[in-house]
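**Student:** Sequence plus predicted model, see below.
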Amino acid sequence: MTCPHCVGAELFFDEKEAQKDLRRYRSKGPMKMAQMLLDALGQADMTGKRSLDIGGGVGALQHELLKAGVASAVDVDGSAAYIEASKEEAGRNGTTDRFEYHHGDFVDIAPSLEPADIVTLDRVLCCYPDVDAMVAKSTALAGEFYGLIYPRKTFGARGAIKLANLYMKLKQNPFRAFVHDPKHIDSMVREAGFEPRYEGRTLVWHVVLYQRTRDERRSAPPDSTERAA
């Protein structure tokens, strides 16, 4: 990875942060918004499916999906430290042989990846400047489900992002966070052939599970859109 933003992300998401997040996952499980997405996916039969998690951190989504019956998991992350943390947890769970890891910028790596039944991006769109490229290349690989967790366009979320970016600037780190337009994101995903099957919110985060509409579907979560406080 040669772009300044990607280099900055690698510096920020370092071994110290990775180990801290791994300890939190082991003691408390997935974070609230990740659990919301997992619960929505859990309404469908996960048995035998292939998962692709982009920017998956310590791999919380994939570790949980493997427990739910997913056959194999592909992890793409710009942080080598987080990949190592995910590998550590996979070794602890005895699932190393069911994982495939790729280190680098997903947009660059995408052409070399095989499609997956489930593609997830947990707090990834807010960490990437070119949201159009990220959504276009990730939806193209999603065979059935496409799950997103990204910041709501609220005063609180934008304020938090501004503070985070100020911190990065003071640390002379080129990494920046973003609050992309939710309507634009939704429009791109729909144009790629998906429709929402679950929608939830926390104070800061928007959680959406989409399902492909143009291909034959094998299973589906409930049609009703849900809301979470």
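**Tutor:** Here it is on my side, so go on.
**Student:** make it CA atoms for all contacts and neighbour counts henceforth
**Tutor:** Will do.
**Student:** Give the other helices and strands that the lowest-mean-pLDDT helix or strand in the chain contacts.
**Tutor:** Lowest by mean pLDDT, DSSP states H and E among the helices and strands of the chain is helix 4-12, with a mean of 76. Using 3 or more Cα pairs under 8 Å, 6 or more residues apart in numbering; DSSP states H and E, no helix or strand is in contact with helix 4-12.
**Student:** Now the terminal residues of stretch 74-82, how far apart.
**Tutor:** Taking Cα to Cα, to the nearest Å, stretch 74-82 runs 14 Å from one end to the other.
**Student:** Show residues contacting stretch 17-31.
**Tutor:** 57-58, 60-61, 81-82, 85, 89 (Cα atoms under 8 Å, 6 or more residues apart in numbering).
**Student:** ugh, wrong one, stretch 122-133
**Tutor:** Stretch 122-133 is contacted by residues 34, 54-56, 107, 134, 147-151, 176-180, 185, 188 when judged by Cα under 8 Å, 6+ apart.
**Student:** Those residues in helices, which ones?
**Tutor:** 34, 107, 134, 185, 188 (DSSP state H).
**Student:** So Asp105 sits against Cys6, correct?
**Tutor:** Yes - the pair formed by Asp105 and Cys6 meets the contact definition of Cα atoms under 8 Å, at 7.2 Å.
**Student:** Export the ones in helices among the contacts of stretch 122-133 to a markdown table and append columns for pLDDT and neighbour count.
**Tutor:** Below are those laid out as a markdown table (pLDDT from 0 to 100; neighbours: other Cα atoms under 10 Å):
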| residue | pLDDT | neighbour count |
| --- | --- | --- |
| Ala34 | 98 | 20 |
| Val107 | 96 | 15 |
| Met134 | 97 | 20 |
| Ile185 | 97 | 18 |
| Met188 | 98 | 17 |
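**Student:** Now do the residue at the greatest distance from the centre of the chain against Glu17, distance only.
**Tutor:** What lies farthest from the middle of the chain is Leu170; by Cα atoms, centre = their mean that is 27.3 Å. Per Cα to Cα, Leu170 is found 19 Å from Glu17.
**Student:** what's the neighbour count on the closest residue to Phe178 other than its chain neighbours?
**Tutor:** Spatial nearest neighbour of Phe178, excluding adjacent residues (Cα to Cα, 6 or more residues apart in numbering): Cys126 at 4.6 Å. Using other Cα atoms under 10 Å, Cys126 has 18 neighbouring residues.
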